[in-house]
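# Here's a sequence, model it:
(chains A, B, C and D)
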Protein chains: 2
Amino acid sequence: MSAPPTLEDVARAAGVSRATVSRVINGIRNVDLAIQEKVKQAIALTGYVPNQAARSLVTRRTGTIALIVSGAGSSEESPFPGHVFADPFFGRVAGGVVGFLRPLGIYPILMFADTPETRDQVIGYLRRGNVDGAILVSISAEDTLPKLLADASLPAVLFARPARPIPISYVDVGHRAGGKLAADHLVARGCRRPATISGPLDVPAGQDRLAGFQEAMAVHGHPYVPCAEGNFTLHSGEVAMERLLAEHPDIDGVFAANDLMAQGALLVLRQHGRSVPGDVAMVGFDDSSAALACRPPLTTVRHPVEDMAAEMGRLLLTHIEHPDHPVTSRIFEPTLVIRESA
Amino acid sequence: MSAPPTLEDVARAAGVSRATVSRVINGIRNVDLAIQEKVKQAIALTGYVPNQAARSLVTRRTGTIALIVSGAGSSEESPFPGHVFADPFFGRVAGGVVGFLRPLGIYPILMFADTPETRDQVIGYLRRGNVDGAILVSISAEDTLPKLLADASLPAVLFARPARPIPISYVDVGHRAGGKLAADHLVARGCRRPATISGPLDVPAGQDRLAGFQEAMAVHGHPYVPCAEGNFTLHSGEVAMERLLAEHPDIDGVFAANDLMAQGALLVLRQHGRSVPGDVAMVGFDDSSAALACRPPLTTVRHPVEDMAAEMGRLLLTHIEHPDHPVTSRIFEPTLVIRESA
DNA sequence: GACGTACTGGAGAGCGCTCTCCGACAGCGA
DNA sequence: TCGCTGTCGGAGAGCGCTCTCCAGTACGTC
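Numbering: from 1, shown residues only, chains lettered A, B, ... in the order given. The predicted structure follows:
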């Protein structure tokens, strides 16, 4: 078995033409059942597996898509990307995408675009026609990749609304609604002196969660809520909580714009001898695995990441299938997951 | 620009033949410098990008490799894989692989093989010639994928030694040496009543870390060390610590076989009012981001995951380049990272 | 019985590239 | 002058597949 069997071999074994075998394999047009059977046996007999390259050459479809995590400054100390996975949130996105695509026989190519050079490499790779489309998780406001993608008119779908309007489809969660959920819950359980640790205020996710929280709090009679800005990392959550505690020692409820910051805040609270939820209630955002790693387990706004990732896959496939499909966005409703921290 | 430019177009623009353009692009043989220059200009002019499918068809190389995370039972509650990323360890592997491969213009296809069906899908995908080779991170002892890969004689490299001997190259860390490092450190800082939370004892990583720790402890005069088995998750670390504390309330030092379990153990210790490292010292394993998320920050045995991942890439490329390259394994030395927990 | 129609299978032309030949030509020694 | 060697560019044959024709057959209709 030096050379793997080709369509030609199968055709010979089945006593039909290449075209017929191809039709059987791709399920195109009616082929006589008896012949279909013969072909299938021949395929099994020869151990034939289609050559994807040859197929791609003529169909102009690769059957692969790219999953790009973009915009992370990465860490300066290391030439290795992937630190983003320190936030379990990205693992969920990856899992969601794979979970949806896998039954379709499609597997994503994992790419990181964390520096200008790697961004160019990524674009080059995409333009070379290696993939049919891209799913992009962009994590900074200045990321230029969404625009480059749109300009290249490569089918693409974004996770989260881009900071600047760009003609590209995206999927997002109702950040404002999530912020409101957190505020309502905090107030409902008797919180009188709320505070919040926001995400970075140059990205929509940061702005909107904060806005939603503040607006709802205003409705509940808290027109001003102390706020410390973080950047979605555990450490930034600690720093922010430290500051909040120093400036407003009587805080009795905190909304952190993601679970990782909430986790950091919890650590600081404990260091200061504040019990949770006794002295201070804490609500996070995302419902990532970090929420379960907290003690007490975190009450948090659930980001239906897996469903969103699946929707991204669905949307991308639609764009690939129908190049003229209009730019679309879909917003998912967040829900509150009540655990023990609030 | 309905149809993208082809080699033929470039050749025409440069006034040479297709073959010459191909030679210039692939840097093969001597081509007159003046002609090279002309060709390069023509490429720039036409905006030519090579068609990977056509190239693959003739070279029989795809220029892609698979990154497979295999053997996870996944979670029963969800059709989505990727929960493995809850352990930041896997993010590091992914980052390390991408970091090494990316400068070479190679990007991995991300696959999860968490059930028998998906395992078959993965094998089918690989056999279809979609990739040149595979990097496999197998996380359970009964995983059959390594064997299937070896049988398919597809170039592959494993992360960690397989539970059963299989003719396949792998990269691993000195688990025993790591266990010894932990033991020595614990003893050196005065620990008298050590205990350990082991990983699952059906995988080498679990067995060897424990063995290395026990052996070193024996040398230090602790022939018997209480041990509770965990499965590398945070929760299992909690459960194990609970048990250890119940059975041996006077423990003053713990070695957890990975950071996540150490993090869980720390949580329990705190609940029981034990200070760390005052009452109990804690040493983890991996030096993943979880170690930094601990309070106090975790002293841990560093698993040089990124370097190991890079080596996997290097090894895989060698296997792809030279199909007859003998099966190889490379063991990395662990080091101790001293922080505050011990 | 002649014709139109529907359906099925085969022939063959590429898809864009690589790579082996082969020919052209220059340089050099005899 | 002839031929030999070495260098460099071109011709052209595929790589394995899809898909558009086209031919053959069966059947129904008038």
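# Now do the same contact list for the closest residue to DNA strand D within the stretch 151-300 of chain A.
Nearest residue of the stretch 151-300 of chain A to DNA strand D: A:P155, at 18.0 Å (CB to the nearest atom of the strand). (Glycine included, C-beta is placed from N, CA and C.) Applying CB atoms under 8 Å, 6 or more residues apart in numbering or on different chains to A:P155 gives the contacts A:132-134, A:316, A:319-320, A:323.
# Include distance to DNA strand D, neighbour count and pLDDT when you put those residues into a markdown table, please.
Output for the contacts of A:P155, formatted as a markdown table (distance: CB to the nearest atom of the strand, whole Å; neighbours: other CB atoms under 10 Å in any protein chain shown; pLDDT from 0 to 100):
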| residue | distance to DNA strand D | neighbour count | pLDDT |
| --- | --- | --- | --- |
| A:D132 | 14 | 22 | 92 |
| A:G133 | 18 | 22 | 93 |
| A:A134 | 23 | 25 | 94 |
| A:L316 | 20 | 26 | 95 |
| A:H319 | 19 | 22 | 92 |
| A:I320 | 14 | 17 | 90 |
| A:P323 | 16 | 8 | 84 |
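# now the strands: where do they sit in chain A?
A:65-70, A:108-113, A:133-138, A:156-159, A:169-173, A:194-198, A:227-229, A:253-256, A:281-286, A:299-302, A:329-332, A:335-337 (DSSP state E).
# most tightly surrounded among those strands?
strand A:253-256 (a mean of 32; mean count of other CB atoms under 10 Å in any protein chain shown).
# that older thread, between the strands of chain A, which one is nearest to chain B?
The closest of those to chain B is strand A:108-113. By CB to the nearest CB, the value is 4.5 Å.
# Name the residues of stretch A:160-177 that are buried.
Buried positions in stretch A:160-177, judged by neighbour count with 16 or more other CB atoms under 10 Å in any protein chain shown: A:160-163, A:166, A:168-177.
# for stretch A:215-235, same thing?
A:216-217, A:222, A:225-234.
# give the contact list for A:G124.
Going by CB under 8 Å, 6+ apart, A:G124 touches B:V49.
# Tell me the pLDDT of it.
Here, the pLDDT recorded for A:G124 equals 83.
# any idea how far A:L145 is from it?
A:G124 sits 12 Å away from A:L145, going by CB to CB, to the nearest Å.
# same check, this time on A:Q263
For A:Q263, the distance to A:L145 - CB to CB - is 29 Å.
# I'd guessed A:I251 sits against A:P226; true?
Yes - at 7.2 Å, A:I251 and A:P226 qualify as touching, with contact defined as CB atoms under 8 Å.
# who touches both of these two?
What both A:I251 and A:P226 touch, as defined by CB under 8 Å, 6+ apart, is the set A:195, A:244.
# re earlier: which among the buried residues of stretch A:215-235 gets closest to A:R55?
A:R55 has its nearest neighbour among the buried residues of stretch A:215-235 in A:F232, at 42.0 Å by CB to CB.
# Just list the residues touching that closest one, thanks.
A:F232 neighbours (CB under 8 Å, 6+ apart): A:87, A:199-200, A:206, A:257-258, A:260-261.
# swap the cut-off to 6 Å and go again
A:199, A:258 (CB atoms under 6 Å, 6 or more residues apart in numbering or on different chains).
# Can you list phi and psi of it for me?
Torsion angles at A:F232 (phi, psi; degrees, to the nearest 10) stand at phi 80, psi 0.
# Give me the pLDDT value at it.
Turning to A:F232, the model gives it a pLDDT of 92.
# so how far does stretch A:25-38 reach from one end to the other?
12 Å (CA to CA, to the nearest Å).
# List the buried residues in that stretch.
Buried residues in stretch A:25-38 (16+ other CB under 10 Å): A:25, A:31, A:35-36, A:38.
# Now tabulate those in a markdown table and tack on distance to A:S138 and pLDDT.
As requested, the buried residues of stretch A:25-38 are arranged in a markdown table below (distance: CB to CB, whole Å; pLDDT from 0 to 100):
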| residue | distance to A:S138 | pLDDT |
| --- | --- | --- |
| A:I25 | 38 | 87 |
| A:V31 | 46 | 78 |
| A:I35 | 51 | 85 |
| A:Q36 | 47 | 86 |
| A:K38 | 52 | 86 |
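# and those near DNA strand D, which?
With CB under 7 Å from any atom of the strand as the criterion, the buried residues of stretch A:25-38 include A:I25 near DNA strand D.
# Closest one to B:L57 out of the buried residues of stretch A:25-38, please.
Set against B:L57, the nearest of these by CB to CB is A:I25 (17.6 Å).
# Please tell me how far that closest one sits from B:T64.
Taking CB to CB, one finds A:I25 at 23 Å from B:T64.
# Equivalent analysis for A:L315, please.
24 Å.
# now do A:M308
Distance, A:M308 to B:T64, by CB to CB: 27 Å.
# With A:L104 instead?
18 Å.
# do the same with A:Y125
Applying CB to CB to A:Y125 and B:T64 gives a distance of 10 Å.
# got it, and A:Q52?
Noted for A:Q52: a distance of 10 Å to B:T64, by CB to CB.
# for A:V301, same thing?
Taken as CB to CB, the span from A:V301 to B:T64 is 38 Å.
# What about the buried residues of stretch A:25-38, which are in helices?
Among the buried residues of stretch A:25-38, DSSP state H puts A:25, A:35-36, A:38 in helices.
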